[in-house]
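1. The following comprises the amino acid sequence and a computationally predicted model.
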Amino acid sequence: MNHSVTFTPIAFVRSQFDTNTPAEEMRQHRSQIMVEPEFEPGLLGLEVGTDILVLMYFHHIQPEQVDLQLHPRHVEDNPLRGVFATRSQFRPNPIGATVAHIKAIEGRVISVAGLDGLDGTPVLDIKPLAAYFDTDTERQQLEVREVEGLQEAREVIDLIDAEIIRLLGNRAGFVRQVVKFKKTVQDVRAPDRYAEVMRRRREMAQNEGLNPDVVERMYKLLIDNFIQEEIELLHLEDQA
């Protein structure tokens, strides 16, 4: 059974790109979301420096361009997949969903970074990006929420600690790789970089309402350990 759904654009994209361009390139440039006058009151509460989810209608897509199965990114070496298992813009309903970062709001004009809409693209909706709704189901469990009791709180804390340790393992993996680009112990210690890292971690801690002194001590212990491991790896390479 065929059904028809009609939407009224709430805004249009203003961009320097007006022809099909790789999304990665478009996202490197700022663009504007020009909100229609009657929808401007709906911008109340949006803030500069936050992320938004922008739903767009890719109006340049023609029906003959749509295939239900395709090679992702149109690279023949990529395995054939159904369109609903890809992020292709060539879809039965060519709707795009992109996260953009608000750089400025002037009246009904939102300046953003990270948007991959062509000039004139109709915008169907704008939503604030909310971690609890917009992350994968596993990460949603880690977001702060009201718990029913002590046991539930402890279980969530255990999940969060497991995720923290997993990410520390990823961090260690990159640390071990940077040794390839360092020649001396001084390169490893990199005092200027060390000081900047500590400054930024203190800033991050303050932004999250944490004690920056405590966070700095934690990171010094962690990074000093990694530095020692890097030095040992550097010496092993010298002996090879």
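-> Good, I have the coordinates.
2. Return the helix or strand in the chain with minimum mean pLDDT.
-> helix 137-140 (a mean of 71; mean pLDDT, DSSP states H and E).
3. Kindly export it (C-alpha atoms) in CSV.
-> The C-alpha coordinates for helix 137-140 follow below in CSV (Å, rounded to 0.1, in the frame of the first residue of the first chain):
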residue,chain,number,x,y,z
THR,A,137,22.3,1.3,23.5
GLU,A,138,25.4,0.2,25.4
ARG,A,139,26.7,3.7,25.9
GLN,A,140,23.2,4.9,26.9
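4. What strands line up against the biggest strand by length in the chain, and which way round?
-> Secondary structure of the chain read by DSSP state E shows that its longest strand is strand 95-106. Strand pairing for strand 95-106, determined by DSSP bridges: strand 51-57 (antiparallel), strand 109-113 (antiparallel).
5. Please name whichever of these is nearest to residue 129.
-> strand 51-57 (4.0 Å; CB to CB). All C-beta spots, glycine's among them, are computed from the backbone N, C-alpha and C.
6. Looking at that closest one now, give me its mean pLDDT.
-> Here strand 51-57 scores 96 as its mean pLDDT.
7. Mark out where each domain of the protein begins and ends.
-> Taking automatic domain parsing as the reference, the chain has its domains at 11-138, 149-239.
8. Just give me how far the shortest one sits from the chain centre.
-> So the one you mean is domain 149-239. Centroid separation for domain 149-239 versus its chain: 21 Å, with CA atoms, centre = their mean, to the nearest Å.
9. repeat for the longest one
-> Computed by CA atoms, centre = their mean, the separation of domain 11-138 from the middle of its chain amounts to 14 Å.
10. picking up where we left off before, let me have the strands paired with strand 95-106 in CSV, adding distance to residue 16 and mean neighbour count as columns.
-> CSV is the format used below for the strands paired with strand 95-106 (distance: least, CB to CB, whole Å; neighbours: other CB atoms under 10 Å):
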stretch, distance to residue 16, mean neighbour count
strand 51-57, 16, 20
strand 109-113, 13, 19
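11. Do a quick rundown of the strands in the protein.
-> Under DSSP E, the chain gives strands at 11-14, 30-35, 51-57, 69-70, 81-82, 95-106, 109-113, 122-128.
12. Could the C-alpha coordinates of the first one be exported in CSV?
-> The reference is to strand 11-14. What follows is strand 11-14, C-alpha atoms only, in CSV (Å, rounded to 0.1, in the frame of the first residue of the first chain):
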residue,chain,number,x,y,z
ALA,A,11,15.0,26.0,7.0
PHE,A,12,17.4,25.8,4.1
VAL,A,13,21.2,25.3,4.0
ARG,A,14,23.5,28.0,2.7
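13. what does it rub up against?
-> Outside of strand 11-14, the residues within contact range by CB atoms under 8 Å, 6 or more residues apart in numbering are 31-36, 39, 56, 110, 115, 117-123, 126.
14. Separate out the buried members of those residues.
-> 31-33, 35, 56, 110, 115, 117-118, 121-123, 126 (16 or more other CB atoms under 10 Å).
15. number of nearby residues for the nearest residue to residue 139 once chain neighbours are set aside?
-> Leaving aside its sequence neighbours, residue 139 sits nearest to residue 131 (CB to CB, 6 or more residues apart in numbering; 7.5 Å). Using other CB atoms under 10 Å, residue 131 is surrounded by 12 other residues.
16. rewinding a little: for residue 224, find the nearest of the strands paired with strand 95-106.
-> Here strand 51-57 is closest among the strands paired with strand 95-106 (CB to CB), at 33.8 Å.
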